[in-house]
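predicted coordinates and the sequence they were generated for:
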Amino acid sequence: MYNNEGFFIANPINRYAIGNRNPLKFNSDSSVDLYFQNISPGKDKENNWLPAPSGSFNLMLRMYWPAEEFLSGNWTPPAVKKLN
């Protein structure tokens, strides 16, 4: 996550990216919910939280050594959904 100038966004837990190197909490069906929001989603979900500013930001997905399904276009990441 970057600000509009392309720099990391300061946040209270000093987390600037989230991914497979984090101790993510998975759902019972092996899926994972990630939270990109300004306020903590709750202590039980903070492993999956990337703090966002209250204003605009740029969210990027980096794929290092992506699988053939991604390269061939047979897989696309799920859309980011805004929850109320």
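Ah, there it is.

is it correct that Phe26 is in contact with Asn20?
No: using CB atoms under 8 Å as the test, Phe26 is too far from Asn20 to be in contact (11.3 Å). The C-beta positions use only the backbone N, C-alpha and C, and glycine is treated the same way.

of the two, which one has the most company?
For Phe26 versus Asn20, neighbours defined as other CB atoms under 10 Å are more numerous around Phe26 (11 against 7).

quick one: the residue in the chain sticking out farthest from the centre and Ala79, what's the gap?
For the chain, the largest distance from the centre (CA atoms, centre = their mean) belongs to Ser72, which lies 23.3 Å off. Separation of Ser72 from Ala79 (CB to CB, to the nearest Å): 20 Å.

ok, and what's touching the least confident helix or strand in the chain by mean pLDDT?
Taking mean pLDDT, DSSP states H and E as the measure, the chain has helix 68-71 as its least confident helix or strand, at a mean of 92. Applying CB atoms under 8 Å, 6 or more residues apart in numbering, the contact partners of helix 68-71 are 63, 74-76.

now the strands for the chain?
Counting by DSSP state E, the chain has strands at residues 35-37, 49-51.
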